[in-house]
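J.: Build me a structure from this.
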Amino acid sequence: MSFGQSSPSRRALLAAAALLPLAGREAEASAASAAAPKSAQHYYDRAARLAGDDPVLRALVKVLTPGLPMPSAKPLAPLKIFDDVAVVGTSFVQATALLTSQGVILIDAMGSPDDAEKIIVPGLRSVGVDPAKIKYVVVAHGHSDHFGGAQFLADQYGARVMMSRADWNVIAAERPANAPKRDLEISDGQRLTLGDTTVAFHHTPGHTPGTVSPIFPVRWKGLRHTAMLWGGTAPPAATADKRTNLSSVLAFASRMRQAGVDVELNNHGGCDNSLARIEELRAGSTGATNPFVIGRSRTQRFMKVMEIMLRGRIVQDQEASAGTSSGAASASPGRSTNVCC
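T.: Sure, this is the predicted structure:
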């Protein structure tokens, strides 16, 4: 007697059983492929695909690729890139002035007292900002091209100099030329309010032990946006420090998401196509739009590209240590071939 469908034949059962080892081998091969260690080039290619034809992201991939030489420093005409933000400096490094109702917060101070006197001060004046209104000089990280002019501005205008404790300590130990006198320490998550502007500082160690990246409001054509300025882009020398840098990228991306960041800024305009965007603004070729307002999703992709490139740099260190370089540009572990940003 038959009930519903007939039972499978013996021949069909035997055929199915014969296929089981093959299916198992295919599954094992797929799992092994997924678990296989990825090469540095795998990460670099992945970052390039994510960047696509986005000029901001492509610039980031380029600057994080091993072997980038130090760019030359050429004059950069000052410009207000937002209603309340001005940029002065050179094509190599820039200082960013936040213009508040009660004075100026200057992020970074270039490389020397001469830079401060001959570039920052006249540059601010040329865009209608009185340098005597500088109340704070925020040093994003303790490299000389960021702190060199800070003491001049403190002496001339009474500005307070701010830096993380870790980088104050590095400067105290190394005693570099033109180092500012120890002043205010920036703690992680600290907020600084001047007039109508509040800046949130986040520790993002890696580039240096005490790199700081701020998040702050900006206005364009009267509309409010939220900006971040990544404090130090080039990967550090040691592999362990690269891992710290990677952790900073992941944590800061989360803070950016929570704050609704839609503006990306950098203190080295060659790292993120800022120089080209500045000239687009200067020429008025962008119309009413501002090329620094890239939107929340693009700012997150910016951080994702940085994350992937750092993962590649870490793997490349490991490949070099093992003598199994994947064909990507080689770099010795513990040495950084990026010398800018």
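J.: What ranges does the stretch 1-150 of the chain have for its strands?
T.: Per DSSP state E, counting those that start in this stretch, the stretch 1-150 of the chain carries strands over the ranges 75-82, 85-90, 94-100, 103-107, 134-138.
J.: would a markdown table of the ones you listed with distance to residue 249 and mean pLDDT be doable?
T.: In short, each C-beta sits where N, CA and C put it, glycine included. Compiled in a markdown table, the strands of the stretch 1-150 of the chain are given as follows (distance: least, CB to CB, whole Å; pLDDT from 0 to 100):
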| stretch | distance to residue 249 | mean pLDDT |
| --- | --- | --- |
| strand 75-82 | 24 | 97 |
| strand 85-90 | 23 | 98 |
| strand 94-100 | 20 | 98 |
| strand 103-107 | 19 | 98 |
| strand 134-138 | 20 | 98 |
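J.: Just tell me which of the ones you listed ends up closest to residue 205.
T.: The minimum distance between residue 205 and these falls on strand 134-138, with 16.1 Å, by CB to CB.
J.: C-alpha coordinates for the closest one, PDB please?
T.: Extracted in PDB, the C-alpha atoms of strand 134-138 (Å, rounded to 0.1, in the frame of the first residue of the first chain):
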ATOM      1  CA  ILE A 134      43.900  83.900  19.500                       C
ATOM      2  CA  LYS A 135      42.900  82.500  22.900                       C
ATOM      3  CA  TYR A 136      44.000  78.900  22.600                       C
ATOM      4  CA  VAL A 137      46.600  77.100  20.400                       C
ATOM      5  CA  VAL A 138      45.600  73.400  20.300                       C
END
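J.: SS state for the nearest residue to residue 239 once chain neighbours are set aside?
T.: Nearest non-adjacent residue to residue 239, counting by CB to CB, 6 or more residues apart in numbering: residue 317, 4.3 Å away. Here residue 317 is recorded as helix under DSSP: H, G, I helix; E, B strand; the rest coil.
J.: Hmm, residue 242 and residue 317 touching each other?
T.: Yes - with contact defined as CB atoms under 8 Å, residue 317 counts as touching residue 242 (7.0 Å).
J.: neighbours around residue 174, how many?
T.: Look at residue 174: counted by other CB atoms under 10 Å, it has 10 neighbours.
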